[in-house]
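>>> Could you work out the structure for the sequence below:
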Amino acid sequence: MELVKCNNLCKKFDNKQILNNINLSISKGKIVGLLGKNGMGKTTLIKLINDLLTPTSGEILINGEKPGINSKKIISYLPERTYLDKSMKVSQIITFFDEFYDNFNKEKAIKLLKDLDLDINSKVSKMSKGMQEKLQLILVMSREAKLYILDEPLGGVDPATRDYILDTILSNFSEEASVIISTHIISDIEKILDDVIFIDKGEIVLTSSADELRKKENASIDEIFRRCFKC
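Below is the predicted model of the structure:
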């Protein structure tokens, strides 16, 4: 059974077609790059998978079920924008996640905080944007989820931290789980990708194994993306 399956998925806002006839499958144990220019439908697709939007037509199945209470239990989602309560301390947020999510691993979160040099006693309002992004990623990756969805997880962090974050993603999900990474920083993440999905103007224009695509085109994923989208 696929972890994520979209059948003829469409989404309109007013009369504007945002996603058109999306068909895709994501199986367990995969790190998948959802790649496309800004405004091409990546975040809309992510929100539909997370049950934050309702399809206009077609369907999404998460582990064989429509998005809802059960899918929210197995999806750990990192949105592009910060959602943290800036009046809280890091320690309070860790406690909140530990009490709210049955699958939150508090010990893992505390270890990752130390590894990324974040003070558990800091107030979120006193943290830089990059520090807040690190904290959000720690919260997401500290859940024992089946599907991790990361929307632009590397935007505000330095290159050295990016390497650590990629290692964290690799080492913190099991063969029973998958990761979807939506990003425009392709050169930094392509080394960890199993599969790629190119989306353009609300349509899937390419799906492939990352290794097979590199061999076929004799180029990196970043180079292929730039060719495809004429960046």
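>>> Report the central residue of the protein.
The centre of the chain sits closest to Leu150, judged by C-alpha atoms, centre = their mean, with a distance of 1.8 Å.
>>> just the strands in this protein please.
The residue ranges that make up the strands of the chain, judged by DSSP state E, are 4-13, 16-26, 31-35, 57-62, 75-78, 147-151, 178-182, 195-200, 203-209.
>>> just checking, what packs against the helix or strand bottoming out on mean pLDDT in the chain?
Of all helical and strand segments in the chain, the minimum by mean pLDDT, DSSP states H and E falls on helix 159-171, at a mean of 80. Other helices and strands packing on helix 159-171, by 3 or more C-beta pairs under 8 Å, 6 or more residues apart in numbering; DSSP states H and E, are helix 106-115, helix 129-141, helix 186-189. Just so you know, the C-beta spots here come from the backbone N, C-alpha and C atoms, and that holds for glycine as well.
>>> mean pLDDT lowest for which of the ones you listed?
Of all the helices and strands packed on helix 159-171, the segment with the smallest mean pLDDT is helix 186-189, scoring a mean of 85.
>>> one step back: got TSV for the strands of the chain, with mean pLDDT too?
What follows is the strands of the chain, written out as TSV (pLDDT from 0 to 100):
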stretch	mean pLDDT
strand 4-13	96
strand 16-26	95
strand 31-35	95
strand 57-62	96
strand 75-78	94
strand 147-151	94
strand 178-182	94
strand 195-200	95
strand 203-209	95
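>>> Make CSV from these and add distance to Glu133 to it.
Shown next, in CSV, are the strands of the chain (distance: least, C-beta to C-beta, whole Å):
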stretch, distance to Glu133
strand 4-13, 24
strand 16-26, 24
strand 31-35, 18
strand 57-62, 26
strand 75-78, 9
strand 147-151, 11
strand 178-182, 14
strand 195-200, 23
strand 203-209, 28
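>>> Leu84 is nearest to which of the ones you listed?
Put simply, out of those the one that sits nearest Leu84 is strand 75-78, at 11.6 Å, with distance taken as C-beta to C-beta.
>>> and the closest one, which strands flank it?
Using DSSP bridges, strand 75-78 pairs in its sheet with strand 147-151 (parallel).
>>> Can you give me the distance of the residue nearest to the centre of the chain to Asn50?
Noted for Leu150: a distance of 12 Å to Asn50, by C-beta to C-beta, to the nearest Å.
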